[in-house]
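Undergrad: I need the structure of the sequence given here:
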Amino acid sequence: MSDAYVQRDQPEGVPPLELTGERTLPDLPEENYWYRRHLVVYEWIARRVSGLDVADLACGEGYGSEVLGRTARSVVGVDANPEAFAHAEAKYSTARVGFRRGLVEAFEGPCDAIVFLQTIEHVEEPDALLEGFARAAGVSYISTPNLLTLAPPGAEKSDNPWHIREYRADEFAELLAPHFSSVELFGVFHSGRLAWHDRALSVGWDRVHAALGLTRSFYDWFTPSIGSSDFRVGRGDLDRALDFIAVCRA
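TA: Numbers count the residues shown, from 1 in each chain. Got it, this is the predicted structure:
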């Protein structure tokens with residue numbers, strides 16, 4: 001893999017991670033869209049877990065655990081990947097944020113809240129995992145991409161090789177409902193400059209930048225400029241959502 005897709009300028013003692021496609025990373029301009037799309041969800045959840053003991057399962061690089069730790073009483077980030085665990089522990093450990101290497105299926109709690117983002121689509125048998133979440137925590141925040149906006153029209157799945165199943169909103173709700181007393185679904189949508197970009201694409205901007213030879217220079221500027229404010233979390237037409245966020249109460 002090219003060194004353009006390896007984290008750069010990490011703090012001393014923090015091993016850089018490669019961009020594999022299985023997890024998103026901060027620090028890489030090429031990956032900023034996906035990083036901000038995930039970060040806005042962590043920020044949304046952080047406002048709801050103030051003062052709580054939180055488990056961030058499949059925490060990956062660890063940036064989300066750090067965000068949760070700004071408001072939570074304590075956070076434990078759990079990931080099975082040895083490189084991700086070593087990186088997160090070295091970079092983000094504090095008095096309130098710690099990390100543990102392990103399978104999410106083995107997590108038993110107890111804790112006040114579980115955060116499990118953009119991972120359930122990787123799970124072969126999600127029902128047993130969800131039952132464990134309901135036993136371990138009072139509330140679980142679970143997100144997954146929307147099949148309808150991730151995959152080509154009519155396809156059963158995107159070409160992401162790590163995804164076992166992708167869900168429509170009703171399918172996601174049906175998966176979760178048997179395991180929790182209540183499930184609320186929210187969506188992640190484009191906002192700000194990304195909403196304007198969507199409008200530009202709808203009137204032919206993709207043809208214009210290609211014809212003028214501006215594609216690379218434009219997106220080399222535009223992609224790194226995206227921020228969390230260019231996404232919003234809320235209710236709305238979930239068929240148009242980028243990702244779903246479920247708030248699941250035991």
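
Undergrad: Mind pulling the model confidence for the residue nearest the centre of the chain?
TA: Central residue of the chain (CA atoms, centre = their mean): residue 38, 3.9 Å from the mean position. With respect to pLDDT, residue 38 scores 96.

Undergrad: got it, and residue 76?
TA: 98.

Undergrad: try residue 4
TA: 52.

Undergrad: same thing with residue 179?
TA: The per-residue pLDDT of residue 179 was computed as 97.

Undergrad: Neighbours of residue 160, how many?
TA: 15 (other CB atoms under 10 Å). C-betas here are computed from N, CA, C, even on glycine.

Undergrad: remind me which residues of the chain are low pLDDT?
TA: 1-4 (pLDDT under 70).

Undergrad: helices or strands up against the helix ranked longest in it?
TA: What stands out as the longest helix in the chain, according to DSSP state H, is helix 32-46. Applying 3 or more CB pairs under 8 Å, 6 or more residues apart in numbering; DSSP states H and E, we find helix 32-46 packed against helix 63-68, strand 111-116, strand 182-190, helix 215-225, strand 231-234, strand 243-249.

Undergrad: Packed most tightly, which of the ones you listed would that be?
TA: helix 63-68 (a mean of 25; mean count of other CB atoms under 10 Å).

Undergrad: quick one: contacts of that one?
TA: Taking contacts as CB atoms under 8 Å, 6 or more residues apart in numbering, the residues outside helix 63-68 that touch it are 26, 35, 38-39, 42-43, 45-46, 49, 54, 56, 59, 75-77, 88, 92, 97, 99, 115, 117.
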